[in-house]
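Q: I need the structure of the sequence given here:
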Amino acid sequence: MSTGPRTDAVPPAAPAAPVTAVLVRLKLSLLRNGLRQSGGRRAAYVASAVVALLFGVLQLLGFVLLRGHEHAASVAVPCAAVLALGWAVMPLFFPSGDETLDPTRLVMLPLRPRPLVRGLLAASLVGIGPLFTALLLIGCAISVAHGAGAYAVAVVGVVLALLVCVALARAVAAANTRLLTSRKGRDLAVLSGLVVAVGAQLVNFGAQRLGSSGLGRLDPVTDVLRWVPPASAVDAIDSASDGSYGVAAAQLALAAAALAVLLRAWSRTLTRLMTSPDASTVQAPDTAARRRTASPGRRRLLPAGRTGTVMERSLRYVLRDPKTKAAWVTSLAIGLIVPVFNALQGTGSVYLSCFAAGMLGVQMYNQFGQDTSAFWMVALTISSPRDAYLELRGRALALLTVTLPYATLVTVLTAALVGDWARLPEVLGVSFALLGAMLATGAWASARFPYSIPQEGYKNVAPGQAGLAWIAIFGGMLSAALLCSPVIAFAVWTHVSATGDGLGWLLLPTGVLYGTAVTLLGLRLSAPRTASRLPEILTAVSKG
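A: You can find the predicted model right below:
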C-alpha cells in the first residue's frame, strides 16, 4: 500500500459571475417575486405600468408634434430638469418602492464600492421609471434635433441625461439611508401625498399661465437650465442643430462631469455605510432632560383635568404619529392651496377659503381610529357618558386649537388677494359654522362608524373597512352641510334680498354662536353612544 500523499484532482472553482449581472438579476427577481405575493399587487403594478407607459408615449408624441416650433427647446430643457428633480426627491418619499435602494442590506457581502456602484447603476435602469424617463428624454431630443450631427449628439445626450438622473437618485438615497430607515423616514414617506397634491396644483397653475402667455415665458428659465446637468445634455442637441458643436461638446462634458461627481459621491457614501456603525439610534445625553423640562411649560397652557390630558395626547399624535401627521399636513396644505391659487389665477372667491375649515374639519372623523389597538387604555378610563363627553370634547378642542387660527388666516389672506374685504365677516361666520357642524357630525361618526388605520404602508383603511370609511367621511360631510344650511341660507339671503343688503356682518356672530351650539349638541348626543359601544369601537380600530 502506498503511503505517499494523495494527488486527487480538486475541481476548479466556478468563475464568479460579474457583480453587475448578479445585481440586475437580483432586481428582476425582486420584481418577479413581488408580483407573486398577491393578485392585488400584481394588478396594481400592471395598471401603474400601463398608465405610466401610456402617459410616456403621449408625451413622446407631444414632443414630436413640437418639433420645428420656435420655442421647442424652451420646453425640452426644463422638462429634463424637472425629470432630474423628480428622480432626486422620489427616493425620499417612496423609499420602499425599490428594495435595492438600501445598500446596507449588502453590507455582509465581500463587495468593493466601484463594482457595487456599477452593478447598482445598471440595476437602477430596470423598471417602469427608467423606461418612462427614457421615453421623455427621447421626445425632448427629437423635438430639438435637426441634422445628422444633432442626432449623433442626441444618442450621447439621452444616455448621459438618463444616467445622471439615475445616479442622482442613488446618491441621494445612499446619503439618506439612515434617515429613510428611521421613523422620520417613514414620516417623509407618508407625506408623499402632500408632494403630489402641491405638485399637481403647481403644474396646473404653470400650465394656465403658459396657455395664456405662450411658451416664450420659459426662455429666461431655459437660458439658465441649459448649463445645468442633465438639462445641458438635452440643450447640447439643440446647439448641435444650430451648428455650435463647440458649445454642444462643452454641455456634454458638463453632463459627463456631473455624472462622474455623482458616482464619486455615491461611492464614498457606500464606503462609509459599509464600514461605519449605525449610530442613528444613539440619543444625546441631555435629550431626555430637555424633553422633561419642556413638557411642563406646554402643559400649563392646556386646561386642567381630563380635557387638558386628552388635548395633549391628541396634539402629540399630530406631531409624532406618521399617518396623523400626514393627514394634518395634507389638509393644511390643500386648504391653503385651493383658495390662494385660484385667487392668484384671477378666478378665486373669498368663499373658497371655507375649504380650509372643511379640510381640517374632516380630521374629527374617526377620532378613535388613530389610537389603533391602544384604544383599550382610553376605553378603561370611560365609565359613563360624562367621561365619553370629556374625551370627545378634549379631542375637539385640540382640533380647534389649530383650525380656528388657521381658517381665520386663510380667509384673511384670500380676502387680501381677491380684494374683497367687505365679505370677510360673513365668510368667517360661514367657516366657523361649517367647522362646528363638522365637529358635531365627526364626533357622532367616530362613535358609530370607527375603522382602523394601518400603521404600515400607504393605506389609510384596513382591508374590509373601506365602506365604513366612505360612510363616515362622506356621510358626515353631507350631514354637516345640512346642519350648516341655516347659516348658508342666511348668507344667500343677504346677497339676493334688498332688505338683507348690508347685514352680512351679522353672519360673523351668528356663525360663531351657531357653530358653538351645534358642536356642543353633537358632543352631547355622541357621548352616550360612545360609552355604550366601547367594545365595538375597540374591535373596529384594532384590525390594522
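
Q: what is the subsequent helix or strand relative to the longest helix along the chain?
A: Secondary structure of the chain read by DSSP state H shows that its longest helix is helix 385-418. Downstream of helix 385-418, the next assigned helix or strand under DSSP states H and E is helix 424-448.

Q: output the contacting helices and strands for that following helix.
A: Judged by 3 or more C-beta pairs under 8 Å, 6 or more residues apart in numbering; DSSP states H and E, the packing partners of helix 424-448 are helix 354-361, helix 385-418, helix 476-483, helix 485-496, helix 507-532. (C-beta placed from N, C-alpha, C; glycine too.)

Q: which of those helices is buried the deepest?
A: Of the helices and strands packed on helix 424-448, the one with the most neighbours on average (mean count of other C-beta atoms under 10 Å) is helix 354-361, at a mean of 25.

Q: nearest approach to F132 belongs to which of the helices and strands packed on helix 424-448?
A: Among these, the nearest to F132 by C-beta to C-beta is helix 354-361 (31.3 Å).

Q: how about residues contacting that closest one?
A: 328, 331-332, 334-336, 338-339, 399, 402-403, 406-407, 410-411, 427, 430-432, 434-435, 437-439, 442, 477, 480 (C-beta atoms under 8 Å, 6 or more residues apart in numbering).

Q: thinking again about what came up before, closest to A255 out of the helices and strands packed on helix 424-448?
A: Among the helices and strands packed on helix 424-448, helix 385-418 sits nearest to A255 (C-beta to C-beta), with 40.9 Å.

Q: circling back to that earlier point, now the angle from the longest helix of the chain to helix 424-448?
A: Put simply, helix 385-418 runs at 150 degrees to helix 424-448, going by axes from the mean of the first three to the mean of the last three C-alpha atoms, to 10 degrees.

Q: now the angle between helix 354-361 and helix 385-418, please.
A: Orientation check (the same axes, to 10 degrees): helix 385-418 against helix 354-361 gives 150 degrees.

Q: how far off centre is stretch 514-533?
A: Centroid displacement of stretch 514-533 relative to its chain, using C-alpha atoms, centre = their mean, to the nearest Å, is 34 Å.

Q: let's see it as CSV, backbone CA atoms only.
A: What follows is stretch 514-533, C-alpha atoms only, in CSV (Å, rounded to 0.1, in the frame of the first residue of the first chain):
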residue,chain,number,x,y,z
TYR,A,514,-74.3,78.6,15.8
GLY,A,515,-71.1,76.6,15.4
THR,A,516,-70.6,76.5,19.1
ALA,A,517,-74.1,75.4,19.8
VAL,A,518,-74.0,72.7,17.1
THR,A,519,-70.7,71.4,18.4
LEU,A,520,-71.8,71.1,22.0
LEU,A,521,-75.1,69.4,20.9
GLY,A,522,-73.2,66.9,18.7
LEU,A,523,-70.8,66.1,21.6
ARG,A,524,-73.7,65.6,24.0
LEU,A,525,-75.5,63.3,21.6
SER,A,526,-72.4,61.3,20.7
ALA,A,527,-71.2,60.7,24.3
PRO,A,528,-73.8,58.1,25.3
ARG,A,529,-73.3,56.2,22.1
THR,A,530,-69.5,56.2,22.6
ALA,A,531,-69.8,55.0,26.2
SER,A,532,-72.2,52.1,25.1
ARG,A,533,-70.1,51.0,22.1
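
Q: let me see the contact set for L60.
A: Taking C-beta under 8 Å, 6+ apart, we find L60 in contact with L135, L136, I138, G139, I142.

Q: those in helices, which ones?
A: L135, L136, I138, G139, I142.

Q: can you pull the contacts of the first one?
A: Meaning L135. L53, G56, V57, Q59, L60.

Q: buried subset of those?
A: Neighbour-count burial (16 or more other C-beta atoms under 10 Å) applied to the contacts of L135 gives G56, Q59, L60.

Q: ignoring the adjacent residues along the chain, who's closest to the first one?
A: Put plainly, it is G56. Spatial nearest neighbour of G56, excluding adjacent residues (C-beta to C-beta, 6 or more residues apart in numbering): L135 at 3.7 Å.

Q: against R306, how distant is that neighbour?
A: As judged by C-beta to C-beta, to the nearest Å, L135 and R306 stand 59 Å apart.

Q: can you list the domains in the protein?
A: With domains defined by automatic domain parsing, the chain comprises 19-275, 307-541.

Q: the first one: end-to-end distance?
A: What that stands for is domain 19-275. End-to-end distance for domain 19-275: 20 Å, by C-alpha to C-alpha, to the nearest Å.

Q: ok, now stretch 228-246?
A: Terminal-residue distance, stretch 228-246 (C-alpha to C-alpha): 17 Å.

Q: okay, buried residues for it please.
A: For stretch 228-246, the neighbour count (16+ other C-beta under 10 Å) marks 228-241 as buried.

Q: list the buried ones in stretch 333-347?
A: A333, I334, G335, L336, I337, V338, P339, V340, F341, N342, A343.

Q: name the nearest residue to the fourth one, sequence neighbours excluded.
A: So the one you mean is L336. Once flanking residues are discounted, L336 sits nearest to V410: 5.6 Å by C-beta to C-beta, 6+ apart.

Q: how about the third one?
A: In this structure, G335 finds its nearest non-sequential neighbour in A356, 3.4 Å apart by C-beta to C-beta, 6+ apart.

Q: please look at L162 and L137 and confirm they touch.
A: Yes. Checked against C-beta atoms under 8 Å, the pair L162 and L137 is within contact range at 5.9 Å.

Q: quick check, pLDDT for L434.
A: On pLDDT, L434 comes in at 92.

Q: for stretch 336-350, C-alpha coordinates in PDB please.
A: Provided in PDB are the C-alpha atoms of stretch 336-350 (Å, rounded to 0.1, in the frame of the first residue of the first chain):
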ATOM      1  CA  LEU A 336     -54.400  76.900   1.600                       C
ATOM      2  CA  ILE A 337     -53.500  76.000  -1.900                       C
ATOM      3  CA  VAL A 338     -57.100  75.800  -3.300                       C
ATOM      4  CA  PRO A 339     -58.300  79.400  -2.400                       C
ATOM      5  CA  VAL A 340     -54.900  81.100  -2.800                       C
ATOM      6  CA  PHE A 341     -54.000  79.600  -6.200                       C
ATOM      7  CA  ASN A 342     -57.500  80.400  -7.500                       C
ATOM      8  CA  ALA A 343     -57.100  83.900  -6.300                       C
ATOM      9  CA  LEU A 344     -53.700  84.200  -8.000                       C
ATOM     10  CA  GLN A 345     -55.200  83.000 -11.200                       C
ATOM     11  CA  GLY A 346     -57.900  85.600 -11.100                       C
ATOM     12  CA  THR A 347     -60.700  83.000 -10.700                       C
ATOM     13  CA  GLY A 348     -60.900  83.000  -7.000                       C
ATOM     14  CA  SER A 349     -63.600  84.000  -4.500                       C
ATOM     15  CA  VAL A 350     -63.300  84.700  -0.800                       C
END
